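K.L.:
compute the structure for the input listed below.
(4 chains)
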4 protein chains.
Amino acid sequence: MGKLAWGLIGGGEGSQIGPAHRLGAGLDGLFTFSAGALDHRPDAGRAYGQRLGLAAHRAYGDWQEMLAGEQARDDRVDLVTVATPNATHFEITKAFLEHGFHVLCEKPMTMTVEEGEEIVRIARASGRICAVNYGYTGYSLVRHMRAMVARGDLGAVRLVKAEFAHGHHADAADADNPRVRWRYDPAQAGISAQFADCGIHALHMASFVIGQEAERLSADTVSCIGSRVLEDDAMVNLRFDRGAVGRLWTSSVAIGRQHGLTLQVFGEKGGLRWSQEQPNQLYWMPLGGRLQVIERGETGLSPEADRTTRVTIGHAEGMPLAFANIYKDLAEAIRAQKENREIDPAANLFPRAEDGLRSMAAVVAVAESGKSEGAWKDARPPMFRDPAGDSSG
Amino acid sequence: MGKLAWGLIGGGEGSQIGPAHRLGAGLDGLFTFSAGALDHRPDAGRAYGQRLGLAAHRAYGDWQEMLAGEQARDDRVDLVTVATPNATHFEITKAFLEHGFHVLCEKPMTMTVEEGEEIVRIARASGRICAVNYGYTGYSLVRHMRAMVARGDLGAVRLVKAEFAHGHHADAADADNPRVRWRYDPAQAGISAQFADCGIHALHMASFVIGQEAERLSADTVSCIGSRVLEDDAMVNLRFDRGAVGRLWTSSVAIGRQHGLTLQVFGEKGGLRWSQEQPNQLYWMPLGGRLQVIERGETGLSPEADRTTRVTIGHAEGMPLAFANIYKDLAEAIRAQKENREIDPAANLFPRAEDGLRSMAAVVAVAESGKSEGAWKDARPPMFRDPAGDSSG
Amino acid sequence: MGKLAWGLIGGGEGSQIGPAHRLGAGLDGLFTFSAGALDHRPDAGRAYGQRLGLAAHRAYGDWQEMLAGEQARDDRVDLVTVATPNATHFEITKAFLEHGFHVLCEKPMTMTVEEGEEIVRIARASGRICAVNYGYTGYSLVRHMRAMVARGDLGAVRLVKAEFAHGHHADAADADNPRVRWRYDPAQAGISAQFADCGIHALHMASFVIGQEAERLSADTVSCIGSRVLEDDAMVNLRFDRGAVGRLWTSSVAIGRQHGLTLQVFGEKGGLRWSQEQPNQLYWMPLGGRLQVIERGETGLSPEADRTTRVTIGHAEGMPLAFANIYKDLAEAIRAQKENREIDPAANLFPRAEDGLRSMAAVVAVAESGKSEGAWKDARPPMFRDPAGDSSG
Amino acid sequence: MGKLAWGLIGGGEGSQIGPAHRLGAGLDGLFTFSAGALDHRPDAGRAYGQRLGLAAHRAYGDWQEMLAGEQARDDRVDLVTVATPNATHFEITKAFLEHGFHVLCEKPMTMTVEEGEEIVRIARASGRICAVNYGYTGYSLVRHMRAMVARGDLGAVRLVKAEFAHGHHADAADADNPRVRWRYDPAQAGISAQFADCGIHALHMASFVIGQEAERLSADTVSCIGSRVLEDDAMVNLRFDRGAVGRLWTSSVAIGRQHGLTLQVFGEKGGLRWSQEQPNQLYWMPLGGRLQVIERGETGLSPEADRTTRVTIGHAEGMPLAFANIYKDLAEAIRAQKENREIDPAANLFPRAEDGLRSMAAVVAVAESGKSEGAWKDARPPMFRDPAGDSSG
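P.N.:
The predicted structure is shown next:
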């Protein structure tokens, strides 16, 4: 089956989230990046889109133009990702849903509950998919936690403890830093800062894993840096709809924590612990048993886990990105050669034939030394033993 | 600038390494997968290539056909990856280099030193790039270790300690398992098993990081499982060409280790420690100082590290793959809808508008509770408070 | 200067806390165990005290007898430890203070606030020391955290996060287990279970480290196991008297956590993290810097830390207990020999002369092999090379 | 049964090893410190011994005097510990054994193999116990590893990997530091430095755990700091007498490692990993299973483990030393009061009645807040609410 067509709104040059979406959408070869309105400056957006490979007539100047253009096509995009500033999510998502497009909206989906309800109603009425990008639930072992809870490994869930605490806004001097200040300013950020930014990831993950929705909550919100109007730290106690108790801590002043999205689930029959900073291991203790380490990619995990892993057990899930760096180096090397220029020295690091040869010589030396009681052997290929022979050294 | 054209030899349906190369080559959008000879069965290879999106006339039946076909094209592939069985690497790599193609060859590059020297000579004579896929050196913090050594942070390197020890061949019952047995059989694997398979990764990484090449070595090789002719465990002592001492341990019977590629470097002025199973942290102790944790993505790292990271500090490098899983779910959901069938339940896990709405309601509840001394608030959106109103629960 | 005289009330045969106090009091040779009333059964207490080496007339039948007896002596005990059931702490502590003894009381000091205030008044009026055994604050690095806060390394403390969460009461079947049940029964345990048992350790440690006292709090207490009247899990939010915010979680149903006493302190200028399960490392990140590992015993720590460590850096603080096990083995070996009986096989594990000899032979072999390019050497002492010669093998 | 009498030779004022032996011997109350010859300066030794509580006539001036004196007594010491400089171990140990004393000798037991054999012969002939202080084998989980191997949990041991690598002699500037230099000088240290100092601990532990003795070895010894004659780093390959392969690394230039005594054992049916820096956890993976964490003190361990642990599961084994610090503070407080002087501020940190009272007030506040939907409560005892009332704040 052919690829699906994908469009992106927002994510202009220099944004962090745009490349992340292009990477995620393209990774498995399921989507072709076919249309985009990438920048609030129409010309910049059109030019950037074309640089990224879009056809000129599908590199749109704004989302309205894109909506009109795609609507008119037989091969219109199958999915639109909305990665614009938060305040615009609602109207763009609404418009595309109403015209029959599937949408993946960045979080937060809307700025108010009323807008959120309207989106839900439109999505339900239209039969279109409206997804929201709580991307951390995509981790293989998060999926497996959910499967373990669903199939009863933990019995009834008693307690879920979620944290998303980092220290990246802990410098009081940042009170004047515009890149940080707006986050704590109600005029720009709305009614909540740290909870709305990070806490909802932790809350969604807790709900996702235990299969229960929050019903009631009590919060203690504080601004540890006094000049902030909105909270930079919050503790939230929760009750979920099938009986679980929740405890959720989120902070942006926790110096020493880099990311800190962690989840612990305690049930009648066992407990689980997972952390985003070490996503390839899941700690599981059955009641009365020992702590065990579940490894991503081990045999016998749930279908939900198996479906969402691409790397064999023991490798970090990020291994393909290491791999991609070899290709990135090679692309630069090939281009430098084509353009008859020097290669970027930071890219001139890919292993080459000389390295492959040296490995072979080492293999021979190891085999021979191993057979002769550990006698020391020359580890170099013959052609490199004469110092003059190795121009690469 | 446009994408480069890329071709793949080997990596047929069901192989592990083929998808890894397609993923790596495609990740940054630098290469287009343009040609392939993917299977030793010509028909299977042609069909699979087309299913992967190759044009019919560039989905070749074997590598000779591909060599002939690509040679004849103006838009011939810029890079060919050789991911065939080890014994064929030499002739394929040689042929493509000789006809002017850049090549990325899987490890081991050749089966003998003589073949290796021939490849080096051809590559040098032709001016073509011949790279070898020691992919672990692509990790951002491995690049940074190299940069730290090169710029003198450690002073002269005294000692490098490398390990690649796992336990995946520790079951003596596997002596009869064909998927394992061939690895320890000289007729199929050559003169070395575990060192040639894993040890050379560790040795290459050691050389890469310290910027020195192995000159002499002494090895103790053993077959812990008696029925094996080739070694399943080896300890290798080394001397490098600018004075470093090396110690390298590799094993396939180390039950309890999943992957175990680790590197420690000790110099006059400090020590480093890194492990592939936790690739986002690098442990550094300057002489007389404290152990510090260098995080992938932190500001102020080397250009070599900066160039090879795609995810902000604190996230696991594998985060984009979690992200891609949301897109993978959505592709399945969209296709199921197009095909008027049920979605795969293991894919029906993407967050949706209801989740986005629930988050917004939680944000409001947190903000209100926070302002009223922690009073308990309803955390649900109004439309879900009437049980009949929430059909998604 | 001579040793001080020490007396113990409670801690009868089979108790856990009695040996811990005797170990702690005796460890540095500062106190002599001189008097005791160890059991609520007078005869059992007298007999046990004598078995532990007390003079017959100072192995008392009950605490009243001990109070009378010690009062009458010139060499009365300098310190009395009260390690009886919780409900009796108040009257015993009060009585000894009033008669001029220094007291170390197990926690909780009293069952009510009123009793607690009375003890404070008596202690103040009498000029006697009344200590309470929050023993975890004795860890060297906990003392160092306090010193770091006090000297301003963190600036003003914004937030302290304390946890004491374990899973040892997570089995619902224990609802009928008398060893667990009483803890959740108000008739026996008072008004609080998990907070009173564990939470107050965490709260005291938080106060101790930040040098601030709790002023106000809000708690969410739950009984995860429904049959319990008192809480088995609590989340407490706090405000301290010089501005710090506190968050304290305590649980006895957190399956997978063994002990879980941890403290995180976040200030204007840095953050700290410490855990009782790994007490020899303290994690410190200065604002804008890197995470560092402070090791117990490193040079340059505070006087408070230096005074409270007995083992050099890199050893676990429990090393002297490993050491003591060698002596324990030897005591058994010597006694078995004296009594002309077989040694307990579990004690027959101390290293002996043969091991010392083997080490020496290995040293020689290593030195010789090292001088001869790694030639293999016999590692055995000559006298053990003839198999008949080694009767210990 | 009464205590055994214990004597110490060496361990004078300021030594590190003397207090460690006194602590170890005294910890369980099994030995009374009864005699000593603590210093090579007779007067200093006699004075120090008396300060430590020895009777004047058993605080000897040298070991010969002690030998003569103790021989003549009916209540002579049951055990003599030899903790003098290495070169004197042989003659002292020999003399005491020959006169019928049990001896615990510090490592290395002798300077040569010949001396070692003589000690073994004397010990065997005399029937006296001659123990050697490889104290690390006293850890409870090291004992448990041995028991697991002995009872067959691992099947036949294939491979044992031992490390004792630290970085405390990594500073080349220490070449002139007399406290370090002698260790690498053959005139003072003999034929080996790092292996003789640390390596033999790791080798003994490996032998102890797997129940096999080293038969043959091959070593690569290097002096990473060029001015040293003896090795500061060694890699040793071994063959044990019942088939296990050994790999042992020891180093004193491994900057970033604090202690680094670790043991990994790989058998037919499973693998084990333990580290002295985290001695309370043992990692165990059965073949085909998951990695499990065995906790010191868990129920169901071997008798050898149970016998050698004093602290309940989840506490660090060093907890009694934290506890002892409270008593140490109290001793200082009591003495300061007796001597009418100020207490050492670093000792004025023990928890006191005010803390016990505050805890009680917090318990009440938690219970009340918990019952009233988390309403904020005053956490202070009434007597401290009036600022004037709390003189301790």
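K.L.:
residue A:132 touches residue B:353, doesn't it?
P.N.:
Yes. The pair residue A:132 / residue B:353 is scored as a contact, 6.6 Å apart, by C-beta atoms under 8 Å. In short, each C-beta sits where N, CA and C put it, glycine included.
K.L.:
okay, and the common contacts of those two?
P.N.:
A:105, A:109 (C-beta atoms under 8 Å, 6 or more residues apart in numbering or on different chains).
K.L.:
strands paired with the helix or strand hosting residue A:265, and their directions?
P.N.:
Secondary structure from DSSP states H and E places residue A:265 in strand A:261-267. Within its sheet, and counting by DSSP bridges, strand A:261-267 is paired with strand A:157-165 (antiparallel), strand A:270-275 (antiparallel).
K.L.:
out of those strands, deepest packed?
P.N.:
strand A:157-165 (a mean of 26; mean count of other C-beta atoms under 10 Å in any protein chain shown).
K.L.:
now it - C-alpha only, CSV.
P.N.:
C-alpha atoms of strand A:157-165 as CSV (Å, rounded to 0.1, in the frame of the first residue of the first chain):
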residue,chain,number,x,y,z
VAL,A,157,-4.8,-0.1,40.9
ARG,A,158,-4.6,1.6,44.3
LEU,A,159,-2.3,4.4,43.7
VAL,A,160,-0.5,6.1,40.8
LYS,A,161,2.3,8.5,41.4
ALA,A,162,3.4,10.7,38.6
GLU,A,163,6.2,13.3,38.4
PHE,A,164,7.3,15.8,35.8
ALA,A,165,9.9,17.9,37.5
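K.L.:
mind checking the SS state of residue A:28?
P.N.:
coil (DSSP: H, G, I helix; E, B strand; the rest coil).
K.L.:
tell me the phi and psi of it?
P.N.:
phi -100, psi 10 (degrees, to the nearest 10).
K.L.:
re earlier: would you list the strands paired with strand A:261-267 in a markdown table and tack on mean pLDDT and distance to residue D:335?
P.N.:
Formatted as a markdown table, the strands paired with strand A:261-267 follow (pLDDT from 0 to 100; distance: least, C-beta to C-beta, whole Å):
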| stretch | mean pLDDT | distance to residue D:335 |
| --- | --- | --- |
| strand A:157-165 | 98 | 45 |
| strand A:270-275 | 98 | 47 |
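K.L.:
right, and the ones you listed - which one's nearest residue C:88?
P.N.:
Using C-beta to C-beta as the measure, strand A:157-165 is the one of the strands paired with strand A:261-267 that comes nearest residue C:88, at 34.0 Å.
K.L.:
what does the stretch 101-250 of chain A have sitting close to chain D?
P.N.:
Residues of the stretch 101-250 of chain A lying close to chain D by C-beta under 8 Å from any C-beta of the partner chain are A:218, A:237.
K.L.:
residue boundaries of the helices in the stretch 101-250 of chain A?
P.N.:
Applying DSSP state H, counting those that start in this stretch to the stretch 101-250 of chain A gives helices spanning A:113-126, A:140-150, A:178-181, A:186-189, A:194, A:200-210.
K.L.:
what about residue A:340, how many residues nearby?
P.N.:
Look at residue A:340: counted by other C-beta atoms under 10 Å in any protein chain shown, it has 6 neighbours.
K.L.:
so it lies in a strand, does it not?
P.N.:
No. With three-state DSSP as the criterion, residue A:340 is located in coil rather than a strand.
K.L.:
distance of it relative to chain C?
P.N.:
Distance of residue A:340 to chain C, given as C-beta to the nearest C-beta, to the nearest Å: 42 Å.
K.L.:
look up how far residue A:180 lies from that residue.
P.N.:
According to C-beta to C-beta, to the nearest Å, residue A:340 and residue A:180 sit 45 Å apart.
K.L.:
now swap in residue A:216 and tell me
P.N.:
Going from residue A:216 to residue A:180 by C-beta to C-beta gives 32 Å.
K.L.:
follow-up on the earlier one: so between residue A:132 and residue B:353, which is more surrounded?
P.N.:
Shown here are residue A:132 and residue B:353; by other C-beta under 10 Å, residue A:132 has more neighbours (31 against 28).
K.L.:
which of the three states applies to the nearest residue to residue A:59 once chain neighbours are set aside?
P.N.:
Residue nearest to residue A:59 in three dimensions, not counting chain neighbours: residue A:49, with 3.1 Å by C-beta to C-beta, 6 or more residues apart in numbering or on different chains. Classification of residue A:49 using three-state DSSP returns helix.
K.L.:
can you count the residues close to residue A:49?
P.N.:
25.
K.L.:
give the contact list for it.
P.N.:
By C-beta under 8 Å, 6+ apart, the residues touching residue A:49 are A:36-38, A:58-60.
K.L.:
hmm, stretch A:15-27 in reach of chain B?
P.N.:
Yes. Counting by C-beta under 8 Å from any C-beta, chain B is contacted by stretch A:15-27 at A:16, A:19-27.
K.L.:
got the contact list for that stretch?
P.N.:
Contact partners of stretch A:15-27, identified using C-beta under 8 Å, 6+ apart, comprise A:6, A:8, A:10-12, A:31, A:33, A:38, A:52, A:81, A:83, A:106, A:135, B:23, B:26-27, B:29, B:310, B:312, B:320-321, B:323-324, B:326-327.
K.L.:
repeat that with 6 Å
P.N.:
Here stretch A:15-27 makes contact (C-beta atoms under 6 Å, 6 or more residues apart in numbering or on different chains) with A:6, A:11, A:31, A:81, A:83, B:320, B:323-324, B:327.
K.L.:
what mean pLDDT would you report for that stretch?
P.N.:
Summarised as a single mean, pLDDT over stretch A:15-27 is 88.
K.L.:
buried sites along that stretch?
P.N.:
Buried residues in stretch A:15-27, counted by 16 or more other C-beta atoms under 10 Å in any protein chain shown: A:18-27.
K.L.:
ok, those residues vs chain D, which is closest?
P.N.:
The shortest approach to chain D among the buried residues of stretch A:15-27 belongs to residue A:27, at 29.2 Å (C-beta to the nearest C-beta).
K.L.:
ok, and what's touching stretch A:282-299?
P.N.:
For stretch A:282-299, contacts defined as C-beta under 6 Å, 6+ apart pick out A:140-141, A:269-274, A:280-281, A:309, A:312-313, B:258, C:171, C:255-256, D:290-293.
K.L.:
on that earlier part again, can you check what angle separates the strand holding residue A:265 from helix A:140-150?
P.N.:
Angle of strand A:261-267 versus helix A:140-150, following axes from the mean of the first three to the mean of the last three C-alpha atoms, to 10 degrees, is 20 degrees.
K.L.:
what about strand A:261-267, distance to the chain center?
P.N.:
Using C-alpha atoms, centre = their mean, to the nearest Å, the mean C-alpha position of strand A:261-267 is found 20 Å from that of the whole chain.
K.L.:
show me what it is in contact with.
P.N.:
If you take C-beta under 6 Å, 6+ apart as the criterion, strand A:261-267 is touched by A:154-155, A:157-164, A:205, A:272-276, C:253-255.
K.L.:
likewise for stretch A:221-234?
P.N.:
With C-beta under 6 Å, 6+ apart as the test, stretch A:221-234 has contacts from A:172, A:175, A:184, A:186, A:193-195, A:219, A:250-253, B:370, C:158-159, C:245.
K.L.:
residues touching residue A:138, list them.
P.N.:
Contacts of residue A:138 by C-beta under 6 Å, 6+ apart are B:322-323, B:325-326.
K.L.:
good, wrapping up.
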